[in-house]
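S.K.: A structural model of the following input is requested.
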Amino acid sequence: MKNLVIVESPTKAKTISKFLGKDYKIESSYGHIRDLPTNKMGIDIENNFEPTYVIPLKAKKHAEELKLIASKVDQVYFATDGDREGEAIAWHLQQLLKIPESQTKRITFHEITKQAILKSLEHPRAINHHLVDAQQARRILDRLVGYELSPFLWKKIARGLSAGRVQSVAVRLIVEREDEIKAFKSEDYWTVDGIVTKDKIDFPINLVSRDGQTLKKFDLKSEDAAKTVEAIKKAQLVISNFSASEVSKQAPTPLTTSTLQQEANRKLGFSAKQTMMLAQELYEGIHLGDEGALGLITYMRTDSLNLSAEFTAEAATFLSQTYGPEYALATPRTFKKKSKLVQEAHEAIRPTSASRTPDSLKTILNNRQLKVYQLIWSRTLASQMPEAIINSTSVDITAEATPYVLRATGATVKFSGWQKVYSAGTEEKILPLLQAGDVVKLISLESNQHSTQPPARYSEAGLIKALEAKGIGRPSTYAPTISTIITRKYVEKEEARLKPTDMGILVTNMLKEHFADIVDYDFTAEMENDLDKIALGKKQWQPLIAAFYKPFKANLLKKDKELDKKELTEETTDEICEKCGKPMVIKMGRFGKFLACTGYPDCKNTKQLDSKGEIEIEPTTNEVCEKCGKPMVIKHGRFGKFLGCSGYPECKTIKGLNTATGVKCPKCGVGEIVERKSKRGKLFYSCNTYPKCDFALWQKPTGEKCPTCDSLLTFAAKGMVKCSSADCKFTKENEVAE
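M.R.: Numbers count the residues shown, from 1 in each chain. Prediction:
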């Protein structure tokens, strides 16, 4: 074996292996082979912030295997991803394998296809230490904030809290949006809307002006609206103006990491984390039958809008042959670069082949992979198609002998252009042929009361857009940032929107008051710009870290002395403990605010508060405590809801609260199949009469029975349903809503 190629992913290694001959061995590093230690900071602050890297315990065996393989080959190629993270992994591998700089060969490619891999092997380069330094600087900055500020939060607010540099700013955005919502005061306003008809075509109208003045939102009062309706109903409605124009709708840009996550969230309902996981699978390679494994999209962490000349040429040919010459551009459309960091901006996210349509992959990709591929394919092709042409019409209708003018608008698609492949949500509104002087007949007219609405909570798409607009974070950080703040319970999802928890609000407000730089938008954005300058070789990383750390540490020591936990986390109330008569205070716990007796630890009386700050009444159940006979109530714990004795703290009996499936147990015929968790946290489904009945399944039952053997059917992967019996091979498409 002459050559060793090391990538970071085993899937990527498997895909690449089919492109190279027997002279190449492809191995995976399984991500980072070295990292900062987990049990200590690992940064020598006194020695110019020098990091100490270790090989994680789980990677030690594999590291030794890579050393052995590398010692038996003539040349090692580092083929990790082409961004900062990938460059850092390549550098760590080079350090681990002790390969001299002069012999180091670094290769990068934007897509996992044979042509791209072979081309990269023809043009190896050295490791870019500026990119490595930028990644190290980010890692060290985040470690310093996390290791210094997290213990402070433990001490001053609650154990188990942690702080992150970018995450804290993201939470601030969500908290401040919640503040706007709470401070919002709704105002009422009225509109006058109706339906008219001409030539048997009905179309909507709305009041737009009075006495020649355009009506603004709050100009029409309640009493005015009612009078207006009555006056217009008595009047003859005559066309006073008709205008038509052609409007060109620009083609969308190809997708970047940010816009992919936003579009997938809006159109598909996918989280940023879910979207990136699916995109990673498409990038690293999908097995295409006789073709073998192949990368279906280009690298998915990018802020570039570039498309290669080869791809745009292929796209033009495909569009012309598939939809007609009028749907292809004579000259490829280019877009202004968004990236400040040219080295990282290879290409936008695109399919590796324009002619590989989503329809051709329907039997190969699972449902979610197909949806993401469809989004990428259609958006990329749309970016290389002509503008859509929309016929826009506007009709003014005068209510004769009144001061009122109403308007109708219409739109028809003259030429679909890029909308042929990518949905833009354009709705056609067809108006009849009209001209000045025509009379239209009123079918209905009414005044409608509306109320102004507060700003909506951020969706994941909205938060990513806001972070990007403020220059906070980079393509690789959006998904893990959102995932982290939800995992840490600073934010929770409510109806697909991001809502701050009480803990998130408390921590954010404390950071804003006492550690302003950590959550300052401009400060964080400037730090990102400085990291970009390091990647470009225009700035050294150690001075940047020192400039941040010294004032940060000084302030931390100062606040440690000044701030008192009770002042930060407790609020006095008028509530008196019914058990001991002492005052109760509002405290902050893992699950939000609660009332606690000041007589603790002698009195342990507590009461959970709901989102409105009112005492939460624990729902009682029909179950009775088996130890003391008192009713069992539904309580909240770190793992969710559970049943607890209402006699607590005298009686501490607890039981799991299992989610019902509504499916009767087929074994005993008495119990119901409920959702449970194993000791390792894995979901399974079993009879709720256990241990009397031990029936159990790993997959969720659909409620239907197998037509072949009469066993329960269960939900399976890739939108399928299968028989729960190991001896039965019955499967079918999922027609049951899970």
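S.K.: Gln699 is in contact with Tyr685, correct?
M.R.: Yes: assessed by CB atoms under 8 Å, Tyr685 is found in contact with Gln699 at 7.3 Å. No exception for glycine: its C-beta is placed from N, CA and C like everyone else's.
S.K.: which one's more surrounded, the two?
M.R.: Tyr685 (22 against 17; other CB atoms under 10 Å).
S.K.: so the more buried one, which of the three states?
M.R.: strand (DSSP: H, G, I helix; E, B strand; the rest coil).
S.K.: list the residues that contact the nearest residue to it once chain neighbours are set aside.
M.R.: Once flanking residues are discounted, Tyr685 sits nearest to Leu697: 4.6 Å by CB to CB, 6 or more residues apart in numbering. Contacts for Leu697 (CB atoms under 8 Å, 6 or more residues apart in numbering) come out as Ile673, Phe684, Tyr685, Ser686, Leu712, Thr714, Ser724.
S.K.: in TSV, list these along with distance to Ser394 and pLDDT.
M.R.: As requested, the contacts of Leu697 are exported to TSV (distance: CB to CB, whole Å; pLDDT from 0 to 100):
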residue	distance to Ser394	pLDDT
Ile673	60	89
Phe684	62	88
Tyr685	59	90
Ser686	64	89
Leu712	60	90
Thr714	57	90
Ser724	62	89
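S.K.: as JSON lines, those with distance to Glu616 would be great.
M.R.: Formatted as JSON lines, the contacts of Leu697 follow (distance: CB to CB, whole Å):
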{"residue": "Ile673", "distance to Glu616": "30"}
{"residue": "Phe684", "distance to Glu616": "31"}
{"residue": "Tyr685", "distance to Glu616": "30"}
{"residue": "Ser686", "distance to Glu616": "31"}
{"residue": "Leu712", "distance to Glu616": "38"}
{"residue": "Thr714", "distance to Glu616": "36"}
{"residue": "Ser724", "distance to Glu616": "39"}
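S.K.: how close does the spatially most central residue of the chain get to Ser459?
M.R.: In the chain, the residue lying closest to the centroid (CA atoms, centre = their mean) is Ala272, at 2.5 Å. Separation of Ala272 from Ser459 (CB to CB, to the nearest Å) stands at 10 Å.
S.K.: need the overlap of contacts for these two.
M.R.: Common neighbours of Ala272 and Ser459 (CB under 8 Å, 6+ apart) are Asn265.
S.K.: before we move on, back to that, buried subset of the contacts of Leu697 as a PyMOL selection?
M.R.: In PyMOL syntax, the buried subset of the contacts of Leu697 is picked out as below (16 or more other CB atoms under 10 Å):
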select buried, resi 673+685+686+712+714+724
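S.K.: isn't Ala535 right next to Val132, touching?
M.R.: No: the pair Ala535 and Val132 does not pass the contact test of CB under 8 Å, sitting 9.2 Å apart.
S.K.: and the closest residue to Phe49 other than its chain neighbours, how many neighbours?
M.R.: Spatial nearest neighbour of Phe49, excluding adjacent residues (CB to CB, 6+ apart): Ile545 at 4.8 Å. Neighbours of Ile545 under the rule other CB under 10 Å: 19.
S.K.: now the one 4 residues further on
M.R.: Under the neighbour criterion other CB under 10 Å, Tyr549 is assigned a count of 19.
S.K.: and if you look at Ser483?
M.R.: 17.
S.K.: looks like it contacts Ala272 (just checking).
M.R.: Yes: using CB under 8 Å, Ser483 is in contact with Ala272, at 7.5 Å.
S.K.: ok, Pro332 - contacts?
M.R.: Residues counted as contacts of Pro332 (CB under 8 Å, 6+ apart) are Leu307, Ala309, Thr312, Ala313, Ala316, Gln384.
S.K.: show me how to select, in PyMOL, the buried members of those residues.
M.R.: A single PyMOL command selects the buried members of those (16+ other CB under 10 Å):
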select buried, resi 307+312+316+384
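S.K.: just the contacts of Pro332: which are in helices?
M.R.: Judged by DSSP state H, the subset of the contacts of Pro332 located in helices is Ala309, Thr312, Ala313, Ala316.
S.K.: and those residues, which is closest to Gly581?
M.R.: Thr312 (78.8 Å; CB to CB).
S.K.: if I look at that closest one, how far off is Ser120?
M.R.: Counting by CB to CB, the gap from Thr312 to Ser120 is 21 Å.
S.K.: how about Thr402?
M.R.: 74 Å.
S.K.: the more surrounded of these two?
M.R.: Set side by side, Thr402 and Ser120 show more neighbours around Ser120, with 19 against 16, by other CB under 10 Å.
S.K.: give me the phi and psi for the more buried one.
M.R.: Here is the backbone geometry of Ser120 (degrees, to the nearest 10): phi -70, psi -30.
S.K.: contacting residues for it?
M.R.: For Ser120, the contacting residues are Ala79, Ile107, Thr108, Phe109, by CB under 8 Å, 6+ apart.
S.K.: and Asp727, by the same measure?
M.R.: Counting by CB under 8 Å, 6+ apart, Asp727 makes contact with Cys709.
S.K.: can you tell me the SS state at it?
M.R.: Three-state call for Asp727 (three-state DSSP): coil.
S.K.: can you check Val169 too?
M.R.: Val169 - assigned by three-state DSSP - is helix.
S.K.: thought it was touching Gly471?
M.R.: No: contact criterion CB under 8 Å: Val169 and Gly471 do not qualify, at 10.7 Å.
S.K.: mind checking pLDDT for Ser678?
M.R.: Note on Ser678: pLDDT of 76.
S.K.: neighbours around it, how many?
M.R.: Ser678, neighbours per other CB under 10 Å, totals 10.
S.K.: surely it touches Phe684?
M.R.: Yes: judged on CB under 8 Å, Ser678 makes contact with Phe684 at a distance of 6.0 Å.
S.K.: now do the same contact list for the residue nearest to the centre of the chain.
M.R.: Shown in contact with Ala272 (CB under 8 Å, 6+ apart): Gln261, Ala264, Asn265, Glu460, Ile464, Tyr478, Ala479, Ile482, Ser483.
S.K.: quick one: end-to-end distance for stretch 602-621.
M.R.: Start-to-end span of stretch 602-621 (CA to CA, to the nearest Å) is 29 Å.
S.K.: may I see the buried residues of it?
M.R.: Within stretch 602-621, the residues that count as buried by 16+ other CB under 10 Å are Cys603, Asn605, Thr606, Lys607, Gln608, Leu609, Glu616, Glu618.
S.K.: how about stretch 58-76?
M.R.: By neighbour count with 16+ other CB under 10 Å, stretch 58-76 contains the buried residues Ala59, His62, Ala63, Leu66, Ile69, Ala70, Val73, Gln75, Val76.
S.K.: so the closest residue to His287 other than its chain neighbours versus Ile286, what's the distance?
M.R.: Take His287 and drop its neighbours on the chain: the residue closest to it by CB to CB, 6+ apart is Ala293, 4.9 Å away. Using CB to CB, we find Ala293 at a distance of 7 Å from Ile286.
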